[in-house]
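Asks: using only what follows, build the 3D model:
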Amino acid sequence: MGKQKTKKFAAMKRMINLKDHRIKEKDRAKAKEKKKKKDPSELKEREVTKYPSCLFFQYNTQLGPPYHVLVDTNFINFSIKAKLDIVQSMMDCLYAKCIPYITDCVMAEIEKLGLKYRVALRIAKDPRFERLPCTHKGTYADDCLVQRVTQHKCYILATVDRDLKRRVRKIPGVPIMYISNHRYNIERMPDDYGAPRF
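Replies: Numbering: from 1, shown residues only. Sure thing, here's the model as predicted:
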């Protein structure tokens with residue numbers, strides 16, 4: 001019986017020497033640059049995220065009547081299911097005039113749903129609803145709504161979609177309107193505005 005070969009314990013990979021003739025001259029220079037120590041007295045540059053001036057702590061000072069409410073596709077569908085008039089229920093929730101806004105991609109999403117959701121389409125084409133044009137490609141509304149809400153802090157987002165809510169909660173100063181027990185409710189809104197929360 002021959003001797004059994006065993007692997008060497010903690011064997012290191014062999015590395016090529018920087019002075020080896022196979023390494024090009026320009027690569028040798030890069031290795032030398034990395035070894036330079038940073039000067040501790042040198043000023044450090046940090047990138048700090050800029051917050052809009054309309055935010056006072058977590059409260060958004062741009063919010064105020066008349067409220068601009070961005071409406072999502074499923075919010076209209078669930079409002080129909082709960083037999084709620086969108087504009088009237090918004091006013092009951094916030095105790096002020098509300099202007100619902102619908103983007104082109106939300107409209108396209110409702111049109112894609114077909115004949116089953118023709119009532120939702122008729123509601124979306126209501127003259128009380130303002131239309132917002134979209135410049136992006138495709139009809140995926142969630143990204144568009146999140147982008148609008150981050151750019152302009154004057155909107156309240158009306159949605160029932162959990163994933164979209166989760167995304168919007170990470171953006172400071174954007175209230176979310178949702179449906180619970182057959183009425184509209186709002187979260188992340190200063191307590192001075194609107195109906196009492198339940």
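
Asks: when you work out contacts or count neighbours from here on, use the C-alpha atoms and nothing else.
Replies: Will do.

Asks: any low-confidence regions in the chain?
Replies: Counting by pLDDT under 70, the chain contains low-confidence residues at 1-3, 5, 7-11, 29-37, 57-58, 192, 194-198.

Asks: go again with 80.
Replies: Residue ranges of the chain with pLDDT under 80: 1-19, 21, 24-53, 56-59, 190-198.

Asks: could you pull out the helices for it?
Replies: Along the chain, the stretches classed as helices by DSSP state H are 25-34, 73-81, 86-94, 104-112, 118-124, 141-151, 162-169.

Asks: let's have those in JSON lines, adding mean neighbour count and distance to Lys44.
Replies: Shown next, in JSON lines, are the helices of the chain (neighbours: other C-alpha atoms under 10 Å; distance: least, C-alpha to C-alpha, whole Å):
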{"stretch": "helix 25-34", "mean neighbour count": "10", "distance to Lys44": "18"}
{"stretch": "helix 73-81", "mean neighbour count": "19", "distance to Lys44": "47"}
{"stretch": "helix 86-94", "mean neighbour count": "18", "distance to Lys44": "47"}
{"stretch": "helix 104-112", "mean neighbour count": "18", "distance to Lys44": "44"}
{"stretch": "helix 118-124", "mean neighbour count": "17", "distance to Lys44": "52"}
{"stretch": "helix 141-151", "mean neighbour count": "17", "distance to Lys44": "29"}
{"stretch": "helix 162-169", "mean neighbour count": "14", "distance to Lys44": "32"}
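
Asks: ok, which of those helices comes nearest Thr49?
Replies: helix 141-151 (13.1 Å; C-alpha to C-alpha).

Asks: any chance of the helices of the chain in TSV, with distance to Lys13 too?
Replies: Compiled in TSV, the helices of the chain are given as follows (distance: least, C-alpha to C-alpha, whole Å):
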stretch	distance to Lys13
helix 25-34	19
helix 73-81	57
helix 86-94	67
helix 104-112	55
helix 118-124	66
helix 141-151	47
helix 162-169	45
